[in-house]
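S.K.: Any chance you could fold what I've pasted below:
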Amino acid sequence: MPSNPVRSLASQSRQYLLYLAIAIFVGQIALVTIFSFYQVGQAAKYYMYLDAIKLEQAANNDPDYVLPQRDDVSAYREWDDIPLEIRQLFSGSKIQPLEPLEIERVNEQGVREYGYLLYSQVQSQEQQTGGLYLLEFEEADKIDALAEAIFKQTLIEASLITGIFSLVLFLVISWLFKNTVKPLSLLVEWSSRVKQHPGSEIDVQFSISELNEIANQLLSTLQQVREYNEREQQFLRHASHELRTPLAIIQASLDTLGVRTAPEDPNFPSLLRASRACANMILLSEALLWLARPSSRPIGKSIVWPGTLCGELLVDMQHLVENKRIQVSLNDQASSIRIENDLFRIVLANLIRNAFQHTSGGTITLVITDNSFVISNPVDAGSKPETVSFGLGLQLVERIASQLDWQFDFALDHQWACVTLRW
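M.R.: From the prediction side, this is the model:
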């Protein structure tokens, strides 16, 4: 499943603002369009209402005034006075005072027309004079052209006004967002300075109290991590120092016993295994002590033949696979290299030991070149990848590789475990 691209908050804000401006522009155009149609209808209604008032006033002022009876405009006092063919056009609609009715017809000349009927109850200051039915007919083409012209003009003016309003709103909100996001940029710059100078004191002085709280929490967390790492390094240093003396005594005692014990003695193989294990413990304690040093200063390099070293380690650890159906395939493609000898030996020993300890049967393959070492071993069919643990060995290898800028890769599936080391 593809993940969303990672962008800055400012970039996302600009995109959302653009979407907001487009939505506002479209919404306002739609509202203006609807309002324009409504206003045209209202204007027609009030225009007819004003005509009805004028006719009523003229009839009141002149008793002999005759209501117009033309083809385009006509007025009647009673519904029954309206010609039958006109009444039939509007008979299907319910007449409401001051609510004009509209119909469409084709007149006797074959011209399409719009017809409007308005019933008004005109009331003078002295008395209520009754109702008036006002009829108007206009050519449909003229009305449509007029409505289209009004609509186009309204749409152009509304688009211009709405565009200017949306642009101003966009600029104002962009300015607000920019000033809102700016403190976050300052927080990022501050965290970068903290990262570059972790041991120095950097003041927290932001104009927003929440940012000051976040910065203080980051400093507190960083201090806790620093103290934890210091305690871990101190523990490793003390443990390594404490182990050096007893390991040296054990190694000296084993060497003495090795000299006094004949090779044909039944205890001699056990003595050799104990001596090898003690030697590995000494190298391990030295590696831990080196990792625990604050500076982790580089150690000297020497010429090493990786293939020969792998062969020696395979012989030394042969006892780990004595009772297992395991074959070892060593593909040596390397010549001599210049590398940190002791740490390189520790790394290879841990990788080979892990493969031997976590394989019950099958072929363990080792491929070594001038700049890489690959070891792969089968994993028990009943074991799940997430439940297989390779313990301290791989963790130590990973730490050493990271400290020496080596590349360490570990892959594990249901059937195979593969470790790749590049230097």
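
S.K.: Near I24, how many other residues are there?
M.R.: I24: 15 surrounding residues under other C-beta atoms under 10 Å. To be clear about C-beta, it is placed using only N, CA and C from the backbone, and glycine gets the same treatment.

S.K.: cool, A334 as well?
M.R.: 20.

S.K.: tell me the SS of it?
M.R.: coil (DSSP: H, G, I helix; E, B strand; the rest coil).

S.K.: quick one, domains of the chain?
M.R.: 9-163, 209-289, 301-422 (automatic domain parsing).

S.K.: Span of stretch 63-80 from start to end?
M.R.: One end of stretch 63-80 sits 22 Å from the other (C-alpha to C-alpha, to the nearest Å).

S.K.: List the buried residues in that stretch.
M.R.: Neighbour-count burial for stretch 63-80 flags 67, 73-76 (criterion: 16 or more other C-beta atoms under 10 Å).

S.K.: what's in contact with that stretch?
M.R.: 51-52, 55, 58-59, 82, 87, 107, 130-138 (C-beta atoms under 8 Å, 6 or more residues apart in numbering).

S.K.: gap between I208 and L20?
M.R.: 24 Å (C-beta to C-beta, to the nearest Å).

S.K.: ok, back up a step: in strands, which of the buried residues of stretch 63-80 appear?
M.R.: Judged by DSSP state E, strands contain the following of those: 73-76.

S.K.: Filter the contacts of stretch 63-80 down to the ones in helices?
M.R.: Counting by DSSP state H, the part of the contacts of stretch 63-80 found in helices is 51-52, 55, 58-59, 87.

S.K.: Strands along the protein, start to end?
M.R.: Using DSSP E, the strands of the chain run over residues 73-76, 101-106, 112-123, 128-139, 302-304, 325-332, 337-339, 361-368, 372-378, 407-412, 416-422.

S.K.: now for these, which one comes closest to G393?
M.R.: With C-beta to C-beta as the measure, strand 416-422 is the member of the strands of the chain nearest G393 (10.0 Å).

S.K.: just how off-centre is stretch 312-324 within its chain?
M.R.: 51 Å (C-alpha atoms, centre = their mean, to the nearest Å).

S.K.: Give me the average confidence score over it.
M.R.: Throughout stretch 312-324, pLDDT has a mean value of 84.

S.K.: One more: stretch 36-54?
M.R.: 76.

S.K.: go on, stretch 149-169?
M.R.: 80.

S.K.: and stretch 247-262, which residues are buried?
M.R.: Buried residues in stretch 247-262, counted by 16+ other C-beta under 10 Å: 247, 250-251, 254, 261.

S.K.: what angle sits between the longest helix along the chain and strand 128-139?
M.R.: The helix that spans the most residues within the chain, counting by DSSP H, is helix 140-196. Following axes from the mean of the first three to the mean of the last three C-alpha atoms, to 10 degrees, one obtains 90 degrees for the angle between helix 140-196 and strand 128-139.

S.K.: From the contact counts, what lies against helix 140-196?
M.R.: Contact here means 3 or more C-beta pairs under 8 Å, 6 or more residues apart in numbering; DSSP states H and E; on that basis helix 140-196 packs against helix 9-61, strand 112-123, helix 209-260.

S.K.: Tabulate these in TSV, adding columns for distance to S360.
M.R.: What follows is these, written out as TSV (distance: least, C-beta to C-beta, whole Å):
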stretch	distance to S360
helix 9-61	53
strand 112-123	95
helix 209-260	30
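
S.K.: Return the most buried member of those.
M.R.: Mean neighbours per residue, mean count of other C-beta atoms under 10 Å, is largest over the helices and strands packed on helix 140-196 for strand 112-123, with a mean of 18.

S.K.: got a list of contacts for that one?
M.R.: Under C-beta under 8 Å, 6+ apart, the answer for strand 112-123 is 44-45, 48-49, 52-53, 56, 86, 89-90, 95-107, 128-141, 143.
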